[in-house]
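K.L.:
everything below, folded, please.
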Amino acid sequence: MRVTVCELHNDSAEFDHDWHALVDYVATEQSDLVLLPEMPFAPWVAWTRIVDSAVWAAAVAAHDAWIDRLDALAPATVMGSRPVVTIGKRHNEGFVWDNAGGYRLLHTKYYLPDEERFWEATWYERGPKQFMPIRTTHATVGALICTEMWFTEHARAYARQGVEVLAVPRATELFSAEKWIAGGRVAAVMSGAFCLSSNRGGVDATGIQWGGHGWIIDPDGDVLGLTSPENPFLTCDIDLSAAAVAKQTYPRYVAE
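P.N.:
Residues are numbered from 1 along each chain as shown. Okay, here's the model as predicted:
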């Protein structure tokens with residue numbers, strides 16, 4: 001299975017350039033699965049504590065429009081997250097998209113930070129505390145959206161559910177990049193799955209220096225590759241049988 005991760009700019013004009021480059025790259029690499037960053041199709045809304053319903057509505061509309069363009073990455077399966085309004089409530093919704101099944105809800109973000117530049121609990125509400133996998137054409141996948149990666153009991157639960165690919169779409173800063181990679185290695189080991197992450201990159205108009213460092217990590221926690229500003233896209237061939245074997249080995253087999 002060929003999987004692709006990326007780092008994409010936050011600002012709309014640069015993002016549009018990145019998108020076209022990603023489409024060409026995925027076609028060349030013949031990727032089976034592509035992971036996008038957290039809510040990638042609009043500038044990051046939660047950088048300010050001041051909630052603006054018009055800004056949220058614009059982000060939702062932008063994602064609605066871009067979801068209709070995901071077929072440019074076909075036949076690859078695409079994963080990511082997006083802002084939505086569900087029964088009058090704002091959420092950050094993880095999704096899976098492919099040609100066969102179209103758009104499917106995977107998981108709604110439950111763990112929300114609330115601090116400088118990341119006022120997420122102020123901007124939107126947590127979803128239900130449900131972490132269920134989905135079977136795609138190529139693999140059984142699960143998601144931990146950004147902050148959720150640090151609540152490691154869910155990686156362990158995904159191992160019991162047979163997840164082969166654990167997706168971690170992120171919006172994180174550069175200064176904490178090494179910490180996030182360390183967390184991704186732990187998530188891979190605990191889930192016995194290949195852990196993939198994509199992130200925003202570059203410096204945006206608000207002054208945030210986004211962290212990039214998309215990763216592909218194997219079930220034993222070995223980093224197979226990282227993105228960078230010079231190489232914003234990364235593809236690896238992964239053998240899903242390694243995820244099945246990993247779940248029978250330490251520490252995954254240890255009873256709770």
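K.L.:
go through stretch 155-174 and flag the buried ones.
P.N.:
155-159, 163-174 (16 or more other Cβ atoms under 10 Å). In this view, the C-beta of every residue, glycine as well, is placed from N, C-alpha and C.
K.L.:
out of those, which sit inside helices?
P.N.:
Among the buried residues of stretch 155-174, the members falling in helices are 155-159 (criterion: DSSP state H).
K.L.:
how close does the residue most central in space within the chain get to Leu144?
P.N.:
Compute the mean C-alpha point of the chain, and by Cα atoms, centre = their mean the closest residue is Pro169, 1.7 Å away. As for Pro169, its distance to Leu144 is 9 Å (criterion: Cβ to Cβ, to the nearest Å).
K.L.:
one more: Met1?
P.N.:
20 Å.
K.L.:
these two: who's more crowded?
P.N.:
Ranked by neighbour count (other Cβ atoms under 10 Å), Met1 and Leu144 place Leu144 first, with 30 against 17.
K.L.:
isn't the more buried one up against Val165?
P.N.:
No: here Leu144 lies out of contact with Val165, judged by Cβ atoms under 8 Å, at a distance of 11.7 Å.
K.L.:
sorry, back to before: need the contact list for the residue nearest to the centre of the chain.
P.N.:
By Cβ atoms under 8 Å, 6 or more residues apart in numbering, the residues touching Pro169 are 35-38, 40, 79-81, 94, 143, 145-146, 197-199.
K.L.:
okay, now the nearest residue to it once chain neighbours are set aside: neighbour count?
P.N.:
Excluding the flanking residues, the one nearest Pro169 by Cβ to Cβ, 6 or more residues apart in numbering is Glu38, at 4.3 Å. Glu38 has 24 neighbouring residues, counting by other Cβ under 10 Å.
K.L.:
hmm, Glu38 is touching Leu144, no?
P.N.:
No: using Cβ under 8 Å, Glu38 is not in contact with Leu144, being 10.9 Å away.
K.L.:
give me the longest helix you can find in this protein.
P.N.:
helix 12-29.
K.L.:
can you list contacts of stretch 248-256?
P.N.:
Stretch 248-256 is touched from outside by 156, 159, 189-190, 192, 246-247, with contacts defined as Cβ under 8 Å, 6+ apart.
K.L.:
can I get that stretch in PDB, CA atoms only?
P.N.:
Output of stretch 248-256 as PDB, limited to C-alpha atoms (Å, rounded to 0.1, in the frame of the first residue of the first chain):
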ATOM      1  CA  GLN A 248       0.700  -9.900  18.700                       C
ATOM      2  CA  THR A 249       4.000  -8.500  20.100                       C
ATOM      3  CA  TYR A 250       5.000  -6.400  23.100                       C
ATOM      4  CA  PRO A 251       3.400  -4.200  24.400                       C
ATOM      5  CA  ARG A 252       0.200  -4.700  22.400                       C
ATOM      6  CA  TYR A 253      -0.500  -8.200  23.600                       C
ATOM      7  CA  VAL A 254      -0.300  -7.300  27.300                       C
ATOM      8  CA  ALA A 255      -3.800  -7.700  29.000                       C
ATOM      9  CA  GLU A 256      -5.300  -4.600  30.600                       C
END
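K.L.:
buried set for that stretch?
P.N.:
In stretch 248-256, counting by 16+ other Cβ under 10 Å, buried: Arg252.
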